[in-house]
Structure formats: C-alpha cells, structure tokens
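test case, fold it:
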Amino acid sequence: MDLLLIDDEASLRRTLRTALESMRHSVAEAASMEQALHLLRKQHFDAAFLDLRLGREAGMDLLPLLLREAPGLAAIVITAHATIASAVEAMRAGAFDYLPKPFTPDQLRLVLERWRQMRRLRNQLANLQEQMRSATPQVDLHTSEPAMQQALDLAFQVAPSEATVLLHGESGTGKGVLARTIHERSGRANGPFVIVPCPSLSGELLESELFGHVKGAFTGAVRDTEGKVAAAEGGTLFLDEIGDVPPAVQPKLLRLLQDRNYERVGETTMRIANVRILAATNRDLAAEVAAGRFREDLYYRLNVIDIELPPLRQRPHDILPLAEHLLAFFARQTGKAVRSFAPDAEAALLRHKWPGNVRELRNAIERGVILAGGAALERVHLPGQVGNPPPPRVEVGGAVTLDALEAEHIRCVLANSPSLEDAAATLGIDPSTLYRKRKRYGL
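Prediction:
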C-alpha cells in the first residue's frame, strides 16, 4: 500500500516508517497540515496515519480536509491522548480507525489488513452492481408526454424530502423503477432500498416479513428473524402493491407510518424505525376504502404525495424512443448486430395497445432482438399479439364461434379499461381468470 504519515514528531515518523516499510508498504511523511495536503495533491495514497496533535494544529481539523482531498483514503487516527470522546468524534468525522499510542507492529498490520479486506469487499460490491447494470436496461426517464413529465417532475421535486409517496399506475408502468429513482435522489441514497412485494404473502407471513419475528412466535419460527423494516434502516422501504395488504396487517402498518414504531411478531418490545416509506398500487385505494377493504386512516397516511403514472397506451410519443433504447441495450447484451426497426415493426409497435405497459414492451423487444437475424428487427420477430395485424372484428349474430365473440369482447374491454383489475371487474371474472383467457386468446 501507499501510506502517508502525518505527525510532527520526527522520531515517531522514523519508527513508524521503519515498521511499515518492513511490511513492504511505500511510505511518505508529512510534519504539518500544509505538507500533508501538498503530498495528497501530488500522488495517490491508500491510507494515512494522522496524529491528533500537530504542534499548534489540530489533527481533527485536518481530517475533513484529507477526506475531501482524497475521498477514498483510509484515515487512521493515532494519538497519545486517547479518550472515548475523541475516538467517537474521529469516527463520526470519517476516520477508518483509531489507534492509541503506543501501538505494536501487529496492531498496525491488523488495521491495514482490515482496510485491505474492506476495500476488496467494496470492489466486489462495485463489480456486482456493474454486472446488475449490464444485465438490466438503464432507466430511460426522458419523455415527450406531458402527463408523464408531470409525474417525473413531481417525483424529482419530492425526492429529497422525507415525505411518504404513493405511486399509482397499472402493472408494468414503472412504479418500482420510479420508486428506486426517488430513493437515489434522496438523502438516503447511500442507505438500502428494500422492496416488500405485498401480494405475494399471506397476512401472517407478510407481518413477519415486514417486522420480523422471535423464535417460537409461530409454527416454523425456529430462530429470531429481523424483518424488512430493520433491513431498510437508514434507507427506503418500498411497499409494492400496498392495496393487497390484508386488513389484519393494516393497523400495524399505520403505526409504522404514523409513529415509526413497530414490534416483531411474538415480541412486546417497541422498536423505532429509521426508514422512509414509498408505496405503489394499481388499485383505486379510495374505492377500496369505500368498499371497506382498506383503512381510511392508512390511506390518508400513505397519500401524502400522490403520483399517477400513465399507461403506455396514453404515451404514444414515448413508444418508439423507449423501444429504441431497449433495442440498443439488448443488442449489446446479446452481441447481435440489430440496429433499427423495420417500418412494419415500427407500425406494429405503434398500433399495439400495450396492456402490459413498459414491462410488455421490454419483453417484446428482448424477444425480437434474440430472433432477429439482420440489422433490422422486423414485425415477424415480435410476439404474435404485437407483430400481427389485429384480427377482423366479429359481430354478435354473425357466423362466428362463442370463443371468437369472447376474445373480441375481452379485447375491447382491455382497450377501454385503465387497468387489468378494472377489466376483470367489468367482465365479472377474477384477474387470474382474465390472465388465463388472455393467454388462451393471445391478447
């Protein structure tokens, strides 16, 4: 490692330098704040040993300057006047470690090894994040549609605050993407972003997933478990599809929102949560409140900032730019030479109603790039419901089968409904039944 010693005692610098060079580190010395900053501007250092007393200068005053000049530097405070108060102050100011004088070579070796391990973990994390970015298209938040721009402007405006945000929109409109963007633009960006998929769990499991549980709280609870609220400490908790939260969990969620308090399942100890809460739903929560399925007080607590994401069919000018962005990404990912859309593919993309919204568009373009053999993606490479012209309309009383009548009716209802749930309600069937019928008829 390249190390910098900052101490006004020449004898201590010599001793420390000898010990560090025997460990095969490269060492430079500075006797004052001015010398240290001069060296930092000239060359790179992995770590610096900083004495808290530099003659008339205070090493604690130098610490923020060091970290500002070299953000990745490991600042190790050394002092012959160690106190708990100065140790706490140093760590809060960004020091990596704190060593009281005198210290041994083994202590030096240990602190530098800990820094090496931490740096390796940071590099591994950075590599994993880069792999995730390369496996997922970057979010394209550019839009030509006023309704979408209004939603983005509001999201960016409230992102730095601590306000609870409720995102409305059909499945696939990008509510989760926008929630993550709000987190990344907030003061909690360096904290975790934890997602809770509310529809995927029963009431008891959702409560345990959210708040954690203690051993023996229920059958199968063989050990104490921290929940997602604890995992999101210092960051953002995103409650996806919050309209599906069971009534039994809603009062506890209200307490979390209102007082930032919660209890683990099977425990009476009150815990305090340091989290910001974002939520999303594809349901009309006001209608759910009126129907008695969702608590009114919880709705108002969630609805501090309400952002509506329009469906893709209401953003016609965004369809081709989004498709081109996805085309470029999947072409790079697959190593294909696909560079553009053929005219028939562009027409098909613009004609389609996109009931699955941006998620459906993403899947369609990924499929198309995989199947395309040349420089242009053609209509034949897109999924059938996108690539083929719409089937001829059928009329009641005509020479058509009942299946054809049902398929046409479902197609029309889907085109005129704001969400799949609303379409299912209009048809008088469950959303799961609608899903099966859409799959059956290729809708």
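
now do the contacts for Gly442.
By Cβ atoms under 8 Å, 6 or more residues apart in numbering, the contact list for Gly442 reads 384-385. For every residue, glycine as well, the C-beta is placed using N, CA and C.

so it versus Glu241, what's the distance?
Relative to Glu241, Gly442 is positioned 26 Å away (Cβ to Cβ, to the nearest Å).

my read: Val233 touches Asn274, true?
To be clear, residue 233 is Glu; Val isn't right here. Yes: here Glu233 reaches Asn274: they are 5.5 Å apart, a contact under Cβ atoms under 8 Å.

spit out the contact partners of Thr433.
Listed by Cβ under 8 Å, 6+ apart, the contact partners of Thr433 are Ala424.

actually, Met1.
25-26, 46-47, 112, 115-116.

which of the residues you listed count as buried?
Buried by 16 or more other Cβ atoms under 10 Å: 25, 46-47, 112, 115, out of the contacts of Met1.

run a quick neighbour tally on the closest residue to Gly235 other than its chain neighbours.
Spatially, and ignoring its direct neighbours in sequence, Gly235 is nearest to Gly191 (2.8 Å; Cβ to Cβ, 6 or more residues apart in numbering). Burial measure for Gly191: 17 neighbouring residues, criterion other Cβ atoms under 10 Å.

Gly191 and Arg120, how far apart?
For Gly191, the distance to Arg120 equals 22 Å [Cβ to Cβ].

any idea how many residues pack against Pro71?
Number of residues near Pro71 (other Cβ under 10 Å) recorded here: 8.

which SS state does it fall under?
Secondary structure assignment for Pro71 (DSSP: H, G, I helix; E, B strand; the rest coil): coil.

repeat that for His81.
coil.

and it, how far is that from Asp8?
In this view, His81 and Asp8 are 14 Å apart by Cβ to Cβ.

more crowded one of those two?
Asp8 (17 against 10).

please report how far that one lies from Val165.
Distance, Asp8 to Val165, by Cβ to Cβ: 52 Å.

from what I see, the residue nearest to Gly235 and Thr236 are in contact.
Yes: look at Gly191 against Thr236 with Cβ under 8 Å: they come within range, at 6.9 Å.

okay, buried residues for stretch 198-217 please.
Buried, per 16+ other Cβ under 10 Å, within stretch 198-217: 198, 201, 204-214, 217.

let's see which of the residues you listed end up in helices.
204-211 (DSSP state H).

confidence-wise, which of the residues you listed comes last?
Lowest pLDDT among these: Glu204, with 72.

I'd say that residue and Phe218 touch.
Yes: counting by Cβ under 8 Å, Glu204 touches Phe218, with 6.6 Å between them.

farthest pair within the buried ones among the contacts of Met1?
His25 and Trp115 (11.4 Å; Cβ to Cβ).

one step back: as CSV, the contacts of Met1 with distance to Pro343 would be great.
Formatted as CSV, these follow (distance: Cβ to Cβ, whole Å):
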residue, distance to Pro343
His25, 64
Ser26, 62
Asp46, 57
Ala47, 60
Leu112, 63
Trp115, 58
Arg116, 57
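
where in the stretch 251-400 of the chain is pLDDT low?
Within the stretch 251-400 of the chain, the stretches with pLDDT under 70 are 387-394.

centroid residue for the chain?
Nearest to the geometric centre of the chain sits Arg180, at 4.0 Å (Cα atoms, centre = their mean).

one step back: closest to Leu312 out of the buried residues of stretch 198-217?
Of those, the one sitting nearest to Leu312 (Cβ to Cβ) turns out to be Cys198, at 23.5 Å.

quick one: that closest one from Gly176, how far?
According to Cβ to Cβ, Cys198 and Gly176 sit 12 Å apart.

try Leu434
Taking Cβ to Cβ, one finds Leu434 at 22 Å from Gly176.

before we move on, what about Ala163?
18 Å.

pick out whichever of those two has more residues nearby.
Taking other Cβ under 10 Å, Ala163 and Gly176 do not tie; Gly176 has more neighbours (18 against 14).

now do the same contact list for that one.
By Cβ under 8 Å, 6+ apart, the residues touching Gly176 are 195, 238, 240, 280.

Three-state assignment for it, please.
Assignment for Gly176 (three-state DSSP): helix.

neighbours of Asn378, how many?
For the record, residue 378 is Glu, not Asn. Number of residues near Glu378 (other Cβ under 10 Å) recorded here: 18.

and this protein, what are its domains?
According to automatic domain parsing, the chain comprises the domains 2-124, 146-308, 312-387, 402-441.

so for Val396, which of these sits nearest?
Comparing the domains of the chain by Cβ to Cβ, domain 402-441 comes nearest, at 6.7 Å.

buried ones in that closest one?
Going by neighbour count (16+ other Cβ under 10 Å), the buried part of domain 402-441 is 407-408, 410-411, 413-414, 417, 419-425, 427, 431, 434, 437-438, 441.

restricted to helices, list the residues you listed.
Counting by DSSP H, the buried residues of domain 402-441 place 407-408, 410-411, 413-414, 420-425, 427, 431, 434, 437-438, 441 in helices.

give me the below-cutoff pLDDT ranges for the stretch 1-150 of the chain.
For the stretch 1-150 of the chain, residues meeting the criterion pLDDT under 70 lie at 55, 57, 59, 82, 126-140.

the stretch 151-300 of the chain: helices as residue ranges?
175-184, 203-211, 228-231, 250-259, 285-290, 296-302 (DSSP state H, counting those that start in this stretch).

over to the stretch 1-150 of the chain?
Ranges of helices in the stretch 1-150 of the chain, per DSSP H, counting those that start in this stretch, are 10-22, 33-42, 59-69, 84-92, 105-135, 146-158.

show residues contacting stretch 248-256.
So stretch 248-256 is contacted by 203, 206-207, 210-211, 229, 239, 245, 261-263, 273, 277, 294-295, 297-298, 301 (Cβ under 8 Å, 6+ apart).

buried ones among those residues?
206-207, 210-211, 229, 239, 245, 262-263, 273, 277, 294-295, 298, 301.

just curious, which of the residues you listed is nearest to Leu66?
Of these, the one sitting nearest to Leu66 (Cβ to Cβ) turns out to be Ala273, at 34.4 Å.
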